[in-house]
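>>> need a structure here:
(2 chains, ligands or ions: 3)
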Amino acid sequence: MKKVYQRPRSLRDVPMHYCPGCGHSIIHRLIAELLDEMGLRDSAICVPPAGCAVLAYYYLDIDMVEAPHGRATAVATGIKRVRPDNLVFSYQGDGDLAAIGTAEALHTANRGENITVIFVNNAVYGMTGGQMAPTTLAGMKTTTTPAGRKPKSEGPPIRVCELLSGLANTVYLERTAVNSPANVIKTKKAIRKAFSVQQKKAGFSLVEILSPCPTNWRMDTVASCTWIDEVMAREFPLGVIKEVPC
Amino acid sequence: MTKKLMYGTHAIGEAAIQAGCTCYFGYPITPQNELPEYMSQRLPEVPGGVFIQAESELAAINMVLGASVAGARAMTSSSSPGISLKQEGISFLAGSELPAVIVNIMRGGPGLGNIAPAQSDYFQATRGGGHGDYRLVVFAPASVQEMADLTFHAFDVADEYRTPVMILGDGMLGQMMEPVVMPKPRKGKKAAEKDYILTGAKGRPARLVKSLILDTKDMEEHNWKLVRKFKRIEERETRWEGYMLDDAEMVVIAYGTAARIARGAINRLRREDSNLRVGMIRPITVSPFPVKAIRDAAQTIKDFFVFEMSTGQMVDDVRLALEGQGTIHFYGRPGGVVPSARELGRSIARRYYQAIRKRKQ
Ligand SMILES: Cc1ncc(C[n+]2csc(CCOP(=O)(O)OP(=O)(O)O)c2C)c(N)n1
Ligand code: SF4
Ligand SMILES: [Mg+2]
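Ligands and ions are numbered 1, 2, ... in the order given. Below you'll find the predicted structure:
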């Protein structure tokens, strides 16, 4: 019988701790598939975040270093400057990248560091129990916005791709989602593109991925996927936000 | 051996480069700006040299972490408020057992304080500073030559023990000029292979560098491992200098700039009054602290005069070292005040004769 589907070499054969329906596990798999397909496993160095994906280093079978919460892009900068020929990418949540690590993310992008950021936007702080994130939608209830996020006093959600698109040295910024087979395929394409931008040494690339967190959204997995289409993607439009030909 | 007149900050920078440091990351703060400025000029001349003016001290220390885990010798520097911001990163370096050299050119504090030389961060430097159960190795140079020598040495210590190492100076040492013989790498000396660094997992199992250890038993063992490492460092790396101890009736204990002033005071006192037999123990590593040197001195000497440019921080370590033996006299000048050797000498002489009178009673 022909094998049509198998575990990628870059993914370890271990059970993941993610909740059912969580987007992180899908994204891990896509990364692993791409590392295999693009022949990048041997050169890859990943900086996972503090966040639900902190244990990504048990799943991806590549070189990994843990960063303090929010500092992944600074750590990745240090690595990449020493090892310009390695594939260096950070994997960060919305709290990690757009709250505590905003300065690092912005300046890493502004310097045009030749790294890739996998930015997982699930609109909440997953790991710490579903508190408000910088990407939490207006009116959305979280454990620290029990009455819903109030944009007047708590700010509207931050659109990271759009924010970074104004910086001259960002080369490739795309927003995708992992809520449907079609979107998963698009996400894989986007990450492939981002990795190839880095391979060409063209500069900073980031893929923002709208990712379900059924647990903290207090929805079932199907409703979470629908909610991404109907609510989240309205606030965070999918597509290529910026692409500089390279 | 040619001597060159150099600023303290430049001596640190050049010694780092001679030691094989290829990466510097920092954020401007007085009184140490001449160090990043020097590195911004020098590092581009070095093969693989990387200089980044980071967006903050937080970013800088984490760039150091990245460069270190990638296998480079990396350094950052700052002054007191900036060092506070680096503490989380230093704790991660310690927990992940990554080498790095961190320079603190201390100023007066707390808060924004001022930009004058002070020894205000002794507790922060020697008591971990960052969170968690770890110790930092801290060198306290007292001359521009020592700034060069200890920086050069710090990179070896950091690599050998896989630990962050701090150079604890102050604005006075950083900004003065003295003749220096620059340490040079020994010919043919090759850097030891680092079997933990991230290079991409080609032809070997993937590597993981982290400080998160969820299993409490494993975390406990990791903590004890760090303790054993520090014990080894204590046994092999503790440094101090004795000065005029042979006939001393009283020992001044001071480090860094304070020790320079103390040396001047002792010379002056001994010149003016041959009855005044004062010597000095100068810790060169303040962490590990030269406990044994002080305990040994306490066998014959009863009076210890601690001088710090702070309200009294190292004096706690002296107290712990003495374990109740002898008498401690303390003279502290915080806030960026640098007393003259004459001022300090007066205080030493007063306590000296008080102590002798007391002993006779
Ligand atoms: C300095 C610091 N502050 C707070 C935390 C606690 N913390 C860990 S992860 C996290 C937020 C995670 O949210 P996000 O980045 O969105 O990732 P997710 O779990 O949603 O994937 C927080 C606040 C920490 N580890 N370090
Ligand atoms: S809490 Fe949310 S983000 Fe975290 S594992 Fe569960 S579903 Fe995923
Ligand atoms: Mg999140």
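>>> So the closest residue to chain B within chain A: helix, strand or coil?
Relative to chain B, the nearest point of chain A is A:Gly78 (2.3 Å; C-beta to the nearest C-beta). To be clear about C-beta, it is placed using only N, CA and C from the backbone, and glycine gets the same treatment. In the three-state summary, A:Gly78 is assigned as helix, counting by DSSP: H, G, I helix; E, B strand; the rest coil.
>>> Do I have it right that it meets B:Gly66?
Yes. Checked against C-beta atoms under 8 Å, the pair A:Gly78 and B:Gly66 is within contact range at 2.3 Å.
>>> Can you pick out the residue with more neighbours from the two?
The neighbour count for A:Gly78 versus B:Gly66, taken as other C-beta atoms under 10 Å in any protein chain shown, is higher for A:Gly78 (35 against 32).
>>> Who are the contact partners of that one?
Residues counted as contacts of A:Gly78 (C-beta atoms under 8 Å, 6 or more residues apart in numbering or on different chains) are B:23, B:25, B:62-70, B:74.
>>> what's the spacing between it and B:Ser68?
Using C-beta to C-beta, to the nearest Å, A:Gly78 is found at 7 Å from B:Ser68.
>>> any common contacting residues for those two?
Listed contacts common to A:Gly78 and B:Ser68 are B:Ala74; contacts here mean C-beta under 8 Å, 6+ apart.
>>> For chain A, which residues are neighbours of ligand 2?
Those residues of chain A that sit near ligand 2, judged by C-beta under 6 Å from any ligand atom, are A:18-19, A:22, A:24, A:52, A:122, A:126, A:213-216.
>>> give me that answer again for 5 Å
If contact is defined as C-beta under 5 Å from any ligand atom, the residues of chain A in contact with ligand 2 are A:18-19, A:22, A:52, A:126, A:213, A:215.
>>> Restrict the helix or strand bottoming out on mean pLDDT in chain A to CA atoms and write it as PDB.
Averaged element by element with mean pLDDT, DSSP states H and E, chain A has its least confident helix or strand at helix A:56-59 (a mean of 95). What follows is helix A:56-59, C-alpha atoms only, in PDB (Å, rounded to 0.1, in the frame of the first residue of the first chain):
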ATOM      1  CA  ALA A  56       7.400  23.300  21.400                       C
ATOM      2  CA  TYR A  57      11.000  22.100  22.000                       C
ATOM      3  CA  TYR A  58       9.700  18.700  23.000                       C
ATOM      4  CA  TYR A  59       7.800  18.500  19.700                       C
END
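>>> Check the offset of that helix from the chain's centre.
Using C-alpha atoms, centre = their mean, to the nearest Å, we find the averaged C-alpha position of helix A:56-59 to lie 15 Å away from the chain's own average C-alpha position.
>>> where does the most centrally placed residue in chain A fall, helix, sheet strand or coil?
Central residue check for chain A by C-alpha atoms, centre = their mean: the C-alpha nearest the mean position is that of A:Phe119, 2.2 Å away. Under the three-state scheme (three-state DSSP), the conformation of A:Phe119 reads as strand.
>>> for the one 10 residues further on, same thing?
Using three-state DSSP as the criterion, the local structure at A:Gly129 reads coil.
>>> Leaving out sequence neighbours, find the closest residue to the residue in chain A that ligand 1 sits nearest to.
Nearest to ligand 1 in chain A, going by C-beta to the nearest ligand atom, is A:Gly93, at a distance of 2.3 Å. Excluding its sequence neighbours, the residue lying closest to A:Gly93 (C-beta to C-beta, 6 or more residues apart in numbering or on different chains) is A:Gly51, at 3.8 Å.
>>> What does B:Asn114 show for phi and psi?
According to degrees, to the nearest 10, the main-chain angles of B:Asn114 amount to phi -140, psi -170.
>>> So what's the residue count around the nearest residue to it once chain neighbours are set aside?
Spatially, and ignoring its direct neighbours in sequence, B:Asn114 is nearest to B:Gly108 (4.3 Å; C-beta to C-beta, 6+ apart). Neighbour count of B:Gly108, defined by other C-beta under 10 Å: 23.
>>> that older thread, per-residue pLDDT, the residue of chain A closest to chain B?
The model reports A:Gly78 with a pLDDT of 98.
>>> swap in A:Gly130?
As summarised for this prediction, A:Gly130 has a pLDDT of 97.
>>> ok so, going back, is the least confident helix or strand of chain A positioned near ligand 1?
No. Judged by C-beta under 5 Å from any ligand atom, helix A:56-59 and ligand 1 are separated, with a smallest distance of 10.1 Å.
>>> okay, now residue 222: neighbour count?
Answering for chain A, as no chain was given. Other residues within reach of A:Val222 by the criterion other C-beta under 10 Å amount to 12.
>>> actually it's chain B I care about, not the one you picked
In terms of burial, B:His222 registers 17 neighbours under the definition other C-beta under 10 Å.
>>> That one sits in which helix or strand?
Secondary structure from DSSP states H and E places B:His222 in helix B:216-237.
>>> which residues does the residue of chain B found nearest ligand 1 contact?
When scored by C-beta to the nearest ligand atom, chain B has B:Glu88 as its residue closest to ligand 1, at 6.4 Å. Shown in contact with B:Glu88 (C-beta under 8 Å, 6+ apart): A:68, B:58, B:61, B:130-131.
>>> Mind giving me the packing neighbours of the helix ranked longest in chain A?
Ranked by residue count under DSSP state H, the longest helix found in chain A is helix A:181-199. With contacts defined as 3 or more C-beta pairs under 8 Å, 6 or more residues apart in numbering or on different chains; DSSP states H and E, helix A:181-199 has these neighbours: helix A:23-37, strand A:87-93, strand A:116-121, strand A:170-177, strand A:204-210.
>>> most packed of those?
Among the helices and strands packed on helix A:181-199, ranked by average contacts under mean count of other C-beta atoms under 10 Å in any protein chain shown, first place goes to strand A:87-93 (a mean of 29).
>>> which element follows it toward the C-terminus?
Tracing the chain past strand A:87-93, the next element assigned as helix or strand by DSSP H and E is helix A:94-95.
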